[in-house]
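>>> Give me the fold of what follows.
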Amino acid sequence: LDEYRAGQADDALSAFAEAARLEPNSLEYAVVACKASFSLGRWDEARLYLKSAETSGLEADTSRRMLRAIDRAAAVQESTRIPVRFEPGPPDPPEASWILAFCDWLEGVVHEFCQDLRQSVAKELGER
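I've put the predicted structure just below:
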């Protein structure tokens, strides 16, 4: 995590991948490796780690959201004209107050809507 926070994403991904390999039943390692792969634009690797996380008990709704984000980012990247923006994974539920919980929910809805628009435009530009 220190490497990841220090901007050494490739080194961090190697560490996350090794952790996921050494403990294949660890949900946490699989999810972190998936998010790290995603952040580096390695869509196929991210999908593989996501499958591993599903096998280790990742909630179906969370898995669907993460897979959708991967698929959208891959479509946007193919267009070369649409900027990619991604906030990896669902936010952890805040315990501070219902106002923060509502804010997180609203932010998530807007983010999903914007990502869908990006994907739609990327597909449209690709068809021209």
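
>>> Dump the C-alpha coordinates for stretch 4-16 into CSV.
What follows is stretch 4-16, C-alpha atoms only, in CSV (Å, rounded to 0.1, in the frame of the first residue of the first chain):
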residue,chain,number,x,y,z
TYR,A,4,0.8,2.5,-4.3
ARG,A,5,0.3,5.7,-2.2
ALA,A,6,3.8,6.8,-3.3
GLY,A,7,2.8,6.5,-7.0
GLN,A,8,4.8,3.3,-7.6
ALA,A,9,1.7,1.6,-9.1
ASP,A,10,3.6,-1.1,-11.0
ASP,A,11,5.6,-2.2,-8.0
ALA,A,12,2.5,-2.1,-5.8
LEU,A,13,0.6,-4.2,-8.4
SER,A,14,3.3,-6.8,-8.3
ALA,A,15,3.0,-6.9,-4.5
PHE,A,16,-0.8,-7.1,-4.6
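
>>> How about residue 42: what's its closest non-neighbour residue?
What sits nearest to residue 42 in space, not counting adjacent residues and going by C-beta to C-beta, 6 or more residues apart in numbering, is residue 13, at 7.9 Å. The C-beta positions use only the backbone N, C-alpha and C, and glycine is treated the same way.

>>> wait, what's in contact with that neighbour?
In this structure, residue 13 makes contact with 33, 36, 37, 40, 42, judged by C-beta atoms under 8 Å, 6 or more residues apart in numbering.

>>> For ChimeraX, what selects the buried ones among these?
Listed next is the ChimeraX selection for buried residues among the contacts of residue 13, using 16 or more other C-beta atoms under 10 Å:
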select :33,36,37,42
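
>>> can I get the contacts of residue 13 in a markdown table with distance to residue 54 and secondary structure?
Formatted as a markdown table, the contacts of residue 13 follow (distance: C-beta to C-beta, whole Å; DSSP: H, G, I helix; E, B strand; the rest coil):
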| residue | distance to residue 54 | secondary structure |
| --- | --- | --- |
| 33 | 13 | helix |
| 36 | 17 | helix |
| 37 | 15 | helix |
| 40 | 21 | coil |
| 42 | 18 | coil |
